[in-house]
Every structure is written in structure tokens, then in C-alpha cells.
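[1] how would this look folded up:
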Amino acid sequence: MKQAARQVLDSPAFKRMVVRQWTASIVFTTALFAIYYGYIALVALDKALLARRVGEATTLGIPAGVAVIIASWALTAVYVLWANRAHDSDVRHLKNQAR
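    Numbers count the residues shown, from 1 in each chain. Have a look, this model is predicted:
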């Protein structure tokens with residue numbers, strides 16, 4: 001391995017970047033896990049709540065399921081924005097240092 005690459009891998013900036021990436025990944029995974037499995041738990045534990053009518057032919061379970069999907073899209077969008085604004089610039093900076 002090139003000496004410059006080894007210096008980058010051992011640098012505090014690289015270690016900070018890895019910690020931030022893992023922290024973001026864990027936060028987003030935990031949030032999505034809570035949303036999805038919260039909905040599944042609600043289906044399993046409180047069917048009466050989700051069976052309530054919110055319209056003529058729609059129950060509360062349908063908009064709740066749609067909310068789970070929209071929340072997953074929103075979490076993905078927030079992650080992409082974070083990655084594009086912060087993480088990718090850090091990666092570019094460290095790549096330039098390795099050259």
C-alpha cells in the first residue's frame with residue numbers, strides 16, 4: 001500500500017469520517033426499523049385501531065401503511081442529502097490527500 005494511502009487511513013480525519021458514517025447509518029437504520037416494525041407491531045397488537053374507518057371505504061391502516069412508505073423515502077432523501085453535502089466532500093478531500 002502506498003505511504004500516502006496509509007497516512008490517510010491512519011489520520012484522525014479519516015477516523016472521524018468513519019465514525020460519522022457509522023453513526024448516521026445506525027441512526028437511519030434505527031429510525032427505519034422503529035417506523036416499519038412499529039407499524040407491524042400495531043397491526044399485530046391493535047387491529048381495532050387500524051380497522052377504524054377514515055372514509056367510506058378506507059381504514060386507518062391504509063394511510064398508516066402509506067405513511068411508513070413515505071417516511072422511508074424521506075429518511076432516504078435525508079441520508080442522500082447528508083451524504084452529498086458532508087460525507088462526499090470529506091471523501092474527496094481524503095482521496096486528494098492520498099494522491
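
[2] alpha carbons only for contacts and neighbour counts from here, please
    Fine.

[3] Of all residues in this structure, which one is nearest the centre?
    residue 28 (2.9 Å; C-alpha atoms, centre = their mean).

[4] Can you name the residues that contact that one?
    75, 79 (C-alpha atoms under 8 Å, 6 or more residues apart in numbering).

[5] in a helix, that's where it is, yeah?
    Yes. Using DSSP: H, G, I helix; E, B strand; the rest coil, the assignment for residue 28 is a helix.

[6] Now do the same for it: its pLDDT.
    Reported pLDDT at residue 28 in the predicted model: 94.

[7] Ok, residue 56 next?
    89.

[8] all helices of this protein, in order?
    Secondary structure of the chain, counting by DSSP state H: helices at 3-10, 12-45, 47-50, 61-82, 88-98.

[9] Quick one: distance of the helix or strand of the chain with the lowest mean pLDDT to the chain centre.
    Least confident helix or strand of the chain, by mean pLDDT, DSSP states H and E, is helix 3-10 with a mean of 78. Offset of helix 3-10 from its chain centre (C-alpha atoms, centre = their mean, to the nearest Å): 29 Å.

[10] do stretch 26-33 as well
    On C-alpha atoms, centre = their mean, the centre of stretch 26-33 falls 6 Å from that of its chain.

[11] Please export the alpha-carbon coordinates of it; CSV is fine.
    The C-alpha trace of stretch 26-33 is given here as CSV (Å, rounded to 0.1, in the frame of the first residue of the first chain):
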residue,chain,number,x,y,z
ILE,A,26,-27.1,3.4,12.7
VAL,A,27,-29.4,6.4,13.3
PHE,A,28,-31.2,6.0,10.0
THR,A,29,-31.4,2.2,10.3
THR,A,30,-32.8,2.5,13.8
ALA,A,31,-35.4,5.1,12.7
LEU,A,32,-36.5,3.0,9.7
PHE,A,33,-36.6,-0.1,11.9
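
[12] Around residue 32, how many other residues sit close by?
    A count of nearby residues for residue 32, using other C-alpha atoms under 10 Å, gives 19.
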